[in-house]
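Visitor: show me how the following folds:
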Amino acid sequence: MSRAPWFGALLGLAAAAAVTLPSSRANALLACDPDPTAMKCCTALGSKLLDGAFKDSKGRTGYELVTAKLFRRGGTGGCHGTSTAPATVADAYTCDTVSGSFADTAKYLEKLDFKWAQSAADSSPPGGDPAFPGHPKNGLIFDLGGPSNQVVVFPTIDHGPNPFESIEYNVWLTDNPDATDYVLYKDVIAGKVDPTKWNEAVVLRGYKEGWDAAMIADGVVFVYGLPCGINFRYVSVGAGNSGNPAAECKFIDGDNELDAVAGLTEGGEGICPDRDKDGYADCACAADKTLCDCVDDPAKDPDAAKIHPFAAEGCGSTKDLNCDGKLGVCPDGKYCRENGCRKACITGEFKCEAGTTCDKKTETVDGGATIPPLCMPAPCDGSKFCEVGEYCIKGKCVDPCADAKCPIGQKCVSGECVDPCTTIKCPTGQFCTNGECVPKCSCLAVSPCKDPAPVCAKGGSSDGKCVPKGCDTVTCPAGQHCETDPSGIGVCKGACDGVVCPIGRKCVDGKCSDPCSSVTCTDGVCFDGTCMDPECVGVVCESGKKCVKGTCVEDVEIGGEVCLGCDDSGVDSGLGDASTGDTDPGLGAAAPEQGGCGCTTVGTGATFSGLTMAALALTAALGRRRRRSS
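Guide: So this is what the prediction gives:
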């Protein structure tokens, strides 16, 4: 609020400008006051000062943006005022009679309306330097509503000289509004950006005619930002400018009047809020209506954070959780029971797949349709049920993802290798990896890449991504990726090279797919592409034996039958007399009538051989995996 000796003369100049020039030109004149120090700052800003009033990259004015909400007032409160319209600098500064509480401050700063507030300068500047503005933890802290690369500050000016009064802020961004440490911009650009600390933003551009070309009290609107690809949700706007973006613009006068702030994308577009913090912007303003949040405000629905595209939605859900416009339904051939889509039991001895059992209950639903007996989860060991996605193998719950190595860019979830980036849309300047949006490594002066991908690729299909050493200059054909060979040279690898799919899956064309998807078993269940007795899933027999009914027996074919063994009477087992070399199959067929051997038909020799191969395949697959005790 301090005023220079020349301020009175400046007021006369401002008033004359407002009278003799069209109102849309008044701010353009006052963007750089006729003061030597102000002119030096304008010269330093150079091309950063743009003609006209503020608009985002989509042509929206400040009035049309979603403005940030005051999250915390770190410093002490100051004046709360209203600037009448149209206004000159002379009468812009008018304090209203309010208590100055946090509620008052939040109300005055909630939208762009010429109602403004200020906070006093912090008495504990970073590093103890009295020439440096206050600590970001003590500024006006706003929730921008969603990840933002840039911040536009809509100022209110109460005195000259301009542009100083329009640039009297220090602006910091973070994902941790409780941060007590900070990173200066020189360190941010060097790759030391830290989402848990306050990261200093730099002036990117200013609009000479403010946000409203018909006003003077709105000053010059400046946009602050971070390097490309870096986005944070919270911003601190403190009092004082330590020389941003140039030493000539240093200005600290003890306060910081502002009307509102708003977050912008890297491309300069006003952001859409993500109030429930589920990673999806509100459909009310999102440009992409296919990946936006149909319910974003927790104040309207306490389950808002659970409602977004691709959210898990059981068939019994009473809410549209995945934003597809309808309640959960089951695909053809499945029925809803206990909020899960279930298969119908089939005829024959093996009615359900491994880990499930046939619930013979039938139901009649609305409309008169009858739901047949369904395959429901069965206990794996006594009364214990396995977790979703686990296999019950011989009384033990086995995680099919244990020791799995999915194709590059995928991760194992509930027994399936999935691309976690399928449902994620990253801001400009970022790309998705392992389900998270990360900035391009080329955005920073010093590469943030670390082992096992220590090199920042610049150019080609991997531009801006951290890649293995030697792969920064390699471009692989579609469906392949680059890895470093033992000599340190980047070589292209096939999509399935080195892949170890989850239990029951096989890698084909870079995807771990279900080999049973096209197999129909008339007797038994399909596992790993082979029809078998569900009790034999996961049973690995030693060489020369096969699994039947969950038990390993001698691998002997006798007219399509296999003997399960003899009782204690010592009756021939059906394997023949080893001392005489007699292996007449007829002995095995007659054995049951003599009271000792039980032979079970297992089909043709070809079918039985298939079971052997399945068991051998499982030996390799399960041998690599840790089994978890129930």
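Visitor: how much space between the closest residue to residue 94 other than its chain neighbours and residue 67?
Guide: Sequence neighbours aside, residue 81 is the residue nearest to residue 94 in space, at 5.1 Å (criterion: C-beta to C-beta, 6 or more residues apart in numbering). Where you see a C-beta, it was placed from the backbone N, CA and C, and this is true even at glycine. Using C-beta to C-beta, to the nearest Å, residue 81 is found at 18 Å from residue 67.
Visitor: between the two ends of stretch 469-479, how far is it?
Guide: Using C-alpha to C-alpha, to the nearest Å, one end of stretch 469-479 lies 20 Å from the other.
Visitor: what of stretch 200-220?
Guide: 20 Å.
Visitor: in it, which residues are buried?
Guide: If you call a residue buried by 16 or more other C-beta atoms under 10 Å, then stretch 200-220 has these buried ones: 200-201, 203-220.
Visitor: centre of the chain to that stretch, how far?
Guide: Its chain's C-alpha centre and that of stretch 200-220 lie 34 Å apart, by C-alpha atoms, centre = their mean, to the nearest Å.
Visitor: can you get me the start-to-end distance on stretch 359-372?
Guide: Distance between the two ends of stretch 359-372: 9 Å, counting by C-alpha to C-alpha.
Visitor: which ones are touching residue 151?
Guide: Contacts for residue 151 (C-beta atoms under 8 Å, 6 or more residues apart in numbering) come out as 144, 171, 173, 201, 223-225, 235, 237, 261-264.
Visitor: repeat for residue 198
Guide: With C-beta under 8 Å, 6+ apart, residue 198 has these contacts: 136-137, 172-174, 179, 181-183, 236.
Visitor: just residue 522 next, same as before
Guide: 348, 531.
Visitor: swap in residue 40?
Guide: Residue 40 touches residue 248, counting by C-beta under 8 Å, 6+ apart.
Visitor: and it, that's in a helix?
Guide: Yes. When DSSP: H, G, I helix; E, B strand; the rest coil is applied, residue 40 is found to be in a helix.
Visitor: for the contacts of residue 198, which one is nearest residue 365?
Guide: Set against residue 365, the nearest of the contacts of residue 198 by C-beta to C-beta is residue 174 (52.2 Å).
Visitor: thought the closest one was touching residue 231?
Guide: No. Between residue 174 and residue 231 there is no contact, the gap being 11.1 Å when judged by C-beta atoms under 8 Å.
Visitor: quick revisit: which of the contacts of residue 198 are buried?
Guide: 136-137, 172-174, 179, 182-183, 236.
Visitor: quick one: which of those residues sit in helices?
Guide: Within the buried ones among the contacts of residue 198, no residue falls in helices by DSSP state H.
Visitor: separation between residue 113 and residue 168?
Guide: Counting by C-beta to C-beta - residue 113 and residue 168 are separated by 21 Å.
Visitor: more neighbours, those two?
Guide: residue 168 (27 against 16; other C-beta atoms under 10 Å).
Visitor: ok, now which ones touch that one?
Guide: Neighbours of residue 168 in contact, by C-beta under 8 Å, 6+ apart: 155, 239-241, 251-253, 255-256.
Visitor: quick check: phi and psi at it.
Guide: Per-residue torsions, residue 168: phi -90, psi 40 (degrees, to the nearest 10).
Visitor: swap in residue 441?
Guide: Residue torsions, per degrees, to the nearest 10, at residue 441 are phi -60, psi -20.
Visitor: cool, residue 102 as well?
Guide: phi -60, psi -40.
Visitor: and it, how many neighbours?
Guide: Count around residue 102 with other C-beta under 10 Å applied: 12.
Visitor: I'd like the numbering to begin with 54 instead of 1 from here.
Guide: With the count now opening at 54, the last piece we talked about shows up as residue 155.
Visitor: could you pull up the contacting residues of it?
Guide: Contacts of residue 155 by C-beta under 8 Å, 6+ apart are 123, 126, 130.
Visitor: okay, it and residue 315: tell me how far apart.
Guide: From residue 155 to residue 315 the distance is 20 Å (C-beta to C-beta).
Visitor: same check, this time on residue 579
Guide: Applying C-beta to C-beta to residue 579 and residue 315 gives a distance of 56 Å.
Visitor: who has more neighbours, the two?
Guide: Higher neighbour count among residue 579 and residue 315: residue 315, with 27 against 22, using other C-beta under 10 Å.
Visitor: roughly how far does the more buried one sit from residue 113?
Guide: Distance from residue 315 to residue 113, by C-beta to C-beta: 10 Å.
Visitor: ok, the most centrally placed residue in the chain - contacts?
Guide: Note on the chain: the residue nearest the mean C-alpha position is residue 489, at 4.6 Å, using C-alpha atoms, centre = their mean. By C-beta under 8 Å, 6+ apart, the residues touching residue 489 are residue 477.
Visitor: ramachandran angles for it?
Guide: phi -130, psi 140.
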